[in-house]
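give the three-dimensional model of this entry:
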Amino acid sequence: MSFSMEENKKIFKDFVTANIKRDGIDKLLEWLEQSDFYEAPASTRFHLCEAGGLCLHSIHVYKRLVQQYVLLSKCKYDDIPAEMKETIAIVALFHDVCKVNFYGVSYRNAKNKAGVWEKVPVYTADEKFCFGGHGSKSVFLLTKYIQLTDEEAVAINCHMGPYDRAPGDYSLGAAFEHFPLALMLHVADMYASNIDECNTAENK
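Reported below is the predicted structural model:
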């Protein structure tokens, strides 16, 4: 998948500035600027496992979540209340900040097009802040800069659906029932990962 990291960085920041007016958003963007957010992959070997993948994935999830909300609400995008536009932007664009400064680079042997073995770089997980769950770590990091509503916190915390839950944890169903945005974010994340980003190297 070919894309421009600089173009996606601009798109991401444009979505943020157009929709999010919450106190602390400038500090959050400063933190991202000083991190590897715009250069990091979205995963080590699945969707968008390439430089800039994390930012692009966040954009894909945002577009999918907007699409869902418009469809389910039977309204035009311009008719969505500003508060909901802000909420949608926050949960979609920042749901994976747990992956900031998370990846490292290692090497493995692989054959090139000529059939010759060579060392190639691969992304590896290199957790530097062992907080715990995927979604809960994103919530924690975000609340260092901006205040989240209950709905936003639950949506981000539960965006992995059953993939980030211990066996026997039945709280996810209740979260989806009480906060439909959480289910919508999970679906948007799945659409982005498995449809929009299905043409990454490992999935061809």
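
please name the residues that touch Ser106.
Neighbour list for Ser106: Pro121, Val122, Tyr123, Thr124 [criterion: Cβ atoms under 8 Å, 6 or more residues apart in numbering]. Just so you know, the C-beta spots here come from the backbone N, C-alpha and C atoms, and that holds for glycine as well.

and the residues you listed, which of them are in strands?
Counting by DSSP state E, the contacts of Ser106 place Pro121, Val122, Tyr123, Thr124 in strands.

tell me the helix or strand right after the longest helix along the chain.
In the chain, taking DSSP state H as the definition, the longest helix is helix 53-73. Proceeding N to C from helix 53-73, the next assigned helix or strand is helix 82-93, under DSSP states H and E.

then that next one to PDB, C-alphas only?
Taking Å, rounded to 0.1, in the frame of the first residue of the first chain, the C-alpha atoms of helix 82-93 are listed here in PDB:
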ATOM      1  CA  ALA A  82     -20.800  19.800  16.900                       C
ATOM      2  CA  GLU A  83     -20.500  18.000  20.200                       C
ATOM      3  CA  MET A  84     -21.000  14.600  18.500                       C
ATOM      4  CA  LYS A  85     -18.600  15.500  15.700                       C
ATOM      5  CA  GLU A  86     -16.100  16.200  18.400                       C
ATOM      6  CA  THR A  87     -16.800  12.900  20.100                       C
ATOM      7  CA  ILE A  88     -16.500  11.000  16.900                       C
ATOM      8  CA  ALA A  89     -13.200  12.600  16.100                       C
ATOM      9  CA  ILE A  90     -11.800  12.000  19.500                       C
ATOM     10  CA  VAL A  91     -12.600   8.300  19.800                       C
ATOM     11  CA  ALA A  92     -11.700   7.500  16.200                       C
ATOM     12  CA  LEU A  93      -8.600   9.500  15.700                       C
END
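
in it, which residues are buried?
Residues Lys85, Glu86, Thr87, Ile88, Ala89, Ile90, Val91, Ala92, Leu93 are the ones in helix 82-93 that count as buried (16 or more other Cβ atoms under 10 Å).

parallel or antiparallel, list what pairs with the helix or strand just after it.
Counting by DSSP H and E, the next helix or strand C-terminal to helix 82-93 is strand 103-111. Paired neighbours of strand 103-111 in the sheet (DSSP bridges): strand 117-125 (antiparallel).

just the buried residues from the ones in strands among the contacts of Ser106, in ChimeraX please.
To isolate the buried ones among the ones in strands among the contacts of Ser106 in ChimeraX, judged by 16+ other Cβ under 10 Å, type:
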select :123
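
lovely, talk soon.
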